[in-house]
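**Q** Build me a model:
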Amino acid sequence: MTRKLKVAVVGLGIGRNHILNGYRTNTERFEVAALCDLDTDLLHSCGKEFGVERLEKDYLEIVGMDDIDVIDVCTPPGTHRKMILAALHAGKYVICEKPLVGALAEIDELLDAESRSSGRVMPIMQYRYNDGAQKARHIINAGLAGKPLVATCEVHWLRDETYYEKDWRKSWSGALGGVLMNHAIHANDLMFYLLGPVRSLFARTATRVNKIEVEDCASISVELECGALATTSATLGSVEPLSRMRLCFENVTIETDSRPDFTAADAPWRFVAANDAIGRKIDAALADFTPPPSGFAGQMQDFHKAVCEKTPLPLTLGDARQSLDFATAAYWSAKTYSAVALPILPDHPFYNGWQNAF
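**A** Model prediction:
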């Protein structure tokens, strides 16, 4: 019999999507047992919608609930660190939305706390669970793609002043960053999930779309440890919003494009083989491959399995640290007009964060 994990969801903006697409699709694995939000009306409406009776505005009340196994943190980024530390101290498992924290020093603090806790932390990176992304990784891991050559990643979205009516979204203290930290983070993580770690980068950032503190445009040139070269660009001022990724290998080109009417999470993927023989091998490999459920459903399913079988989580603090390492290097490069090698070490000026540097 499958063990049900009891979950408390904290922050009912994106948290509501976690319930609908992550827990309601895994009802045999999870019970949403408590909800927490500072907005009383939202708290009660979600409680009624999902049939949850335990409703709290005080996060520490949630942490103190003995029967709760998992705390799902979906609050603004600037609140994450203290919430995760409190949950780990209480021995809870934690699921947390991106970005996890705003400094490598804080990730290392969480890693230390996790090492002393019976709980563990899983960052949300649901784009990895797109069917096409899983097929791409399967082809690459099978050795069919061959040598990686170049890649491009574009996150060209549209956010006007109404998006920033929530003040935390426009500030370094509340959002911890702009388009790099809160929008392009998923697509960049996905590119590095498929191609491997970053060796060095050169970045430019700017605020050109809205009157906000944080950046809303970015362009980054990347050298990967595998030898491939990549470019990633992001803006929140695209009249035609899209997410697009193109990976060129010696044997296949892999591409996804969210236009005309797909979201980034469910955009179709194309696999263009160099010749018929390679195409047949790719078709055969994919014929025997069943990807996990898409998006939150797949990530929560794998999380449940890892917790119950006491195996590594599908995404870890180590994965979150790689994303933060990339962002830290990008912000330093943009500030200093210099190329930056990764990883960022504890003696780096931005190891403790960059929020007061712009």
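
**Q** The residue nearest to residue 133 when sequence neighbours are not counted and residue 61: what is the separation?
**A** Using C-beta to C-beta, 6 or more residues apart in numbering and skipping residues adjacent in sequence, the residue nearest residue 133 is residue 190, 5.9 Å away. Quick note: C-beta positions are derived from backbone N, CA and C, even for glycine. Using C-beta to C-beta, to the nearest Å, we find residue 190 at a distance of 36 Å from residue 61.

**Q** Kindly report the same for residue 232.
**A** Distance check for residue 232 against residue 61: by C-beta to C-beta, it reads 41 Å.

**Q** Show me which of these two is the more surrounded one.
**A** For residue 232 and residue 61, the more surrounded residue by other C-beta atoms under 10 Å is residue 232, and the numbers stand at 25 against 13.

**Q** element containing the more buried one?
**A** With secondary structure defined by DSSP states H and E, residue 232 is part of strand 229-235.

**Q** what pairs with that strand, and is each one parallel or antiparallel?
**A** Pairing partners of strand 229-235, with direction, according to DSSP bridges: strand 148-158 (parallel), strand 217-224 (antiparallel).

**Q** Let's have the ones you listed in CSV, adding mean pLDDT, distance to residue 40 and mean neighbour count.
**A** Written out in CSV, the entries for the strands paired with strand 229-235 read as follows (pLDDT from 0 to 100; distance: least, C-beta to C-beta, whole Å; neighbours: other C-beta atoms under 10 Å):
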stretch, mean pLDDT, distance to residue 40, mean neighbour count
strand 148-158, 98, 31, 19
strand 217-224, 98, 37, 20
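
**Q** could I get those as CSV with distance to residue 127?
**A** Supplementary listing: the strands paired with strand 229-235 in CSV, determined by distance: least, C-beta to C-beta, whole Å:
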stretch, distance to residue 127
strand 148-158, 11
strand 217-224, 18
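
**Q** nearest to residue 181, of the ones you listed?
**A** strand 217-224 (10.1 Å; C-beta to C-beta).

**Q** Just the CA coordinates for that closest one, please, in CSV.
**A** This file holds the C-alpha atoms of strand 217-224, laid out as CSV (Å, rounded to 0.1, in the frame of the first residue of the first chain):
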residue,chain,number,x,y,z
CYS,A,217,16.7,42.2,-20.1
ALA,A,218,19.7,39.9,-20.2
SER,A,219,22.1,38.4,-22.8
ILE,A,220,24.7,35.8,-21.8
SER,A,221,27.4,34.0,-23.8
VAL,A,222,28.2,30.6,-22.2
GLU,A,223,31.0,28.1,-22.5
LEU,A,224,30.0,24.6,-21.2
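
**Q** so how far is that strand from its chain's centroid?
**A** For strand 217-224, the distance from its own C-alpha centre to the chain's C-alpha centre is 18 Å (C-alpha atoms, centre = their mean, to the nearest Å).

**Q** next SSE after the longest strand belonging to the chain?
**A** In the chain, taking DSSP state E as the definition, the longest strand is strand 237-249. Downstream of strand 237-249, the first helix or strand assigned by DSSP H and E is strand 252-257.

**Q** Report the inter-axis angle for that following strand versus strand 148-158.
**A** With axes from the mean of the first three to the mean of the last three C-alpha atoms, to 10 degrees applied, the angle from strand 252-257 to strand 148-158 works out at 0 degrees.

**Q** Provide a list of residue ranges in the protein with pLDDT below threshold.
**A** Low-confidence segments of the chain, defined by pLDDT under 70: 1.

**Q** Would you map the helices across it?
**A** Applying DSSP state H to the chain gives helices spanning 14-18, 40-50, 59-63, 80-89, 104-115, 131-141, 172-175, 179-182, 185-195, 276-287, 295-309, 317-336.

**Q** Which parts of the chain belong to which domain?
**A** Under the assignment automatic domain parsing, the domains of the chain span 5-126+297-315, 127-291.

**Q** Take those domains and write them to TSV, including distance to residue 341.
**A** As requested, those are exported to TSV (distance: least, C-beta to C-beta, whole Å):
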stretch	distance to residue 341
domain 5-126+297-315	15
domain 127-291	5
